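Colleague: Just need the structure, nothing else, for what follows:
(chains A, B, C and D)
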Number of protein chains: 2
Amino acid sequence: MTKRNTKSKQAVLDYFKTHRSGLRPEQLINEFKQYDKVTIYRILQSFLEDGLIHKSGSEDGVTHYFICKTQQGKHFHNHYHFKCSQCEKVICIDKEIEIELPKGYTLDNVNLWITGICDDCNKKLSLSNSNEKDNKS
Amino acid sequence: MTKRNTKSKQAVLDYFKTHRSGLRPEQLINEFKQYDKVTIYRILQSFLEDGLIHKSGSEDGVTHYFICKTQQGKHFHNHYHFKCSQCEKVICIDKEIEIELPKGYTLDNVNLWITGICDDCNKKLSLSNSNEKDNKS
DNA sequence: ATATTAATGCAACTAATTTGCGTTAAAAAA
DNA sequence: TTTTTTAACGCAAATTAGTTGCATTAATAT
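Modeller: Numbers count the residues shown, from 1 in each chain, chains lettered A, B, ... in the order given. As a prediction, this is how the structure comes out:
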């Protein structure tokens, strides 16, 4: 028999769709307390198999899942992950990356994580900086 | 008091120096059975603090450690990690990567993992392929 | 409606890493 | 060189992330 559509799967998929950012299993487990963590892991596994999401470990070793914008199975060198070190949000940015490998090397897959400050946080930071200047005691 | 130089630390550092490839804790634990695994983890932690090595999680979530060629503390966008899916070796390749971030985003750190086939394995593969052709039964 | 079996919940397990604590051994001080 | 100080060590136990087994529940094909 084929796969089944269940409430839990639907709920998790909806959650992915309303969150641009990458999601950690732990986040989902907390968000969906009504379901067992095993169920969450199995749902993620199932979505992976269906090519609905993709998985990537951040530089500090934490697994993140991302909804796939294009469902072409594998995800090649046309996106990367950005983690804001201020708000901790992770987003998946679609942009071609130029990779030049040494002679004789061939490429299968690319996993690129960038840490930095996102636009929102940069704006907030520059705002609070100028406030500090104004209100110095 | 400051940090101490011990036999175990020296041995692990030497091991790093004689291995171009990235090392997993598990590998080191096996290599240095004379030391407790906790000691290995603490040595790695200590080297990290001293900027002697850097840490990076591969796309399948396995932590790897790399000796730092330049000891300038942080490691910025001038290297990436290549894992050969044939021989499983991981090497750190120094090569500038062009990263173009969306407007308003600023960059701290880059962690790039590439999976593919290395030069050595590609050669072996093409060799065994041509042998197959010659010796077909 | 009923039968089939995918999906679930719970408990227990595994692997990777960390913490606590008493002991050992670098290296600073005597 | 000997003594003292405490960083580093070894061992056991804890923690965290993720997995497995199995009996039960609920989608869905008949």
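Colleague: could you list every residue that touches A:Tyr15?
Modeller: Residues near A:Tyr15 by CB atoms under 8 Å, 6 or more residues apart in numbering or on different chains: A:23, A:28, A:31-32. For every residue, glycine as well, the C-beta is placed using N, CA and C.
Colleague: close to DNA strand D, is stretch A:44-58?
Modeller: Yes. Residues of stretch A:44-58 are located near DNA strand D by CB under 7 Å from any atom of the strand, namely A:Gln45.
Colleague: returning to what we had before: what is the nearest of the contacts of A:Tyr15 to B:Gly104?
Modeller: Relative to B:Gly104, the closest of the contacts of A:Tyr15 is A:Leu23; by CB to CB it sits at 23.1 Å.
Colleague: Now the closest one. Its backbone dihedrals?
Modeller: phi -120, psi 140 (degrees, to the nearest 10).
Colleague: do the same with A:Cys92
Modeller: When quoted as degrees, to the nearest 10, the phi and psi of A:Cys92 stand at phi -110, psi 120.
Colleague: tally of neighbours for it?
Modeller: Using other CB atoms under 10 Å in any protein chain shown, A:Cys92 has 19 neighbouring residues.
Colleague: Show me the beta-bridge partners of it.
Modeller: For A:Cys92, the beta-bridge assignment (DSSP bridges) gives partners A:His81.
Colleague: wait, what's in contact with it?
Modeller: A:20, A:22, A:66, A:69, A:79-82.
Colleague: give me that answer again for 6 Å
Modeller: A:Cys92 makes contact with A:66, A:79, A:81 under the criterion CB atoms under 6 Å, 6 or more residues apart in numbering or on different chains.
Colleague: Show me which of those is closest to A:Asp60.
Modeller: Of those, the one sitting nearest to A:Asp60 (CB to CB) turns out to be A:His81, at 12.3 Å.
Colleague: and the residue lying closest to A:Ser58 once chain neighbours are set aside, what helix or strand is that in?
Modeller: Leaving aside its sequence neighbours, A:Ser58 sits nearest to A:Trp113 (CB to CB, 6 or more residues apart in numbering or on different chains; 5.4 Å). Per DSSP states H and E, A:Trp113 falls inside strand A:106-117.
Colleague: Is that strand positioned near DNA strand D?
Modeller: No. Using CB under 7 Å from any atom of the strand, we find that strand A:106-117 stays clear of DNA strand D, coming within 14.8 Å at best.
Colleague: which parts of the next helix or strand after that strand are buried?
Modeller: Following strand A:106-117 in sequence order, the next helix or strand is helix A:119-134 (DSSP H and E). Within helix A:119-134, the residues scored as buried using 16 or more other CB atoms under 10 Å in any protein chain shown are A:121-122.
Colleague: can you check stretch A:98-115 too?
Modeller: Neighbour counts over stretch A:98-115 (16+ other CB under 10 Å) mark A:99, A:101, A:105, A:110-115 as buried.
Colleague: any idea how far B:His79 is from the residue nearest the centre of chain A?
Modeller: The residue lying closest to the centre of chain A (CA atoms, centre = their mean) is A:Gly22, at 2.1 Å. Using CB to CB, to the nearest Å, A:Gly22 is found at 23 Å from B:His79.
Colleague: next one: A:Ser58
Modeller: From A:Ser58 to B:His79 the distance is 17 Å (CB to CB).
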